[in-house]
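Asks: structural data only, the sequence is not supplied:
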């Protein structure tokens, strides 16, 4: 699987968090730029969602996340 290390890091952090994690915070917590570019990280989240491993919950608030991140929470599906 491409980006296996990144996918494993995302799943591991979400599993340990035990609750949904905001997209931009998750990026920083899984290693940020040391592990992947923001675009590669977002692509990994989408791939994990397509594979049925995670779910996204959009947030409808006024908080602006730094580009390219959106105000979304991601949670693991067990």
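Replies: Received the coordinates, thanks. Values in this document were obtained by computation on a predicted structure and should not be read as measured data.

Asks: sec struct for residue 56, please.
Replies: strand (DSSP: H, G, I helix; E, B strand; the rest coil).

Asks: these two touch, right, it and residue 76?
Replies: No: taking contacts as C-beta atoms under 8 Å, residue 56 lies outside contact range of residue 76: 11.4 Å. Any C-beta I mention is one placed from the backbone N, CA and C, and that applies to glycine too.

Asks: the helices in the chain, which residues?
Replies: 4-17, 23-29, 38-50 (DSSP state H).

Asks: for residue 62, which of those is the nearest?
Replies: helix 23-29 (15.2 Å; C-beta to C-beta).

Asks: more neighbours: which of residue 56 and residue 76?
Replies: When residue 56 is set against residue 76 and neighbours are counted by other C-beta atoms under 10 Å, the residue ahead is residue 76, at 20 against 16.

Asks: in stretch 49-60, which residues are buried?
Replies: 53, 54, 56 (16 or more other C-beta atoms under 10 Å).

Asks: kindly report the same for stretch 16-30.
Replies: For stretch 16-30, by 16+ other C-beta under 10 Å, it's 20, 21, 22, 23, 24, 26, 27, 29, 30.

Asks: for those, which one is nearest residue 14?
Replies: Closest to residue 14, out of all of the buried residues of stretch 16-30 and judged by C-beta to C-beta, is residue 21, at 6.2 Å.

Asks: okay, and the beta partners of the closest one?
Replies: Note on residue 21: beta-bridge partners residue 74, judged by DSSP bridges.

Asks: check contacts around it.
Replies: 13, 14, 29, 73, 74, 75 (C-beta atoms under 8 Å, 6 or more residues apart in numbering).

Asks: most neighbours among the residues you listed, please name it.
Replies: residue 14 (24 neighbours).

Asks: tell me the pLDDT at it?
Replies: Predicted confidence (pLDDT) at residue 14: the value is 97.

Asks: contacts only, for the residue nearest to it when sequence neighbours are not counted.
Replies: In this structure, residue 14 finds its nearest non-sequential neighbour in residue 76, 4.0 Å apart by C-beta to C-beta, 6 or more residues apart in numbering. Taking C-beta under 8 Å, 6+ apart, we find residue 76 in contact with 11, 14, 15, 53, 54.
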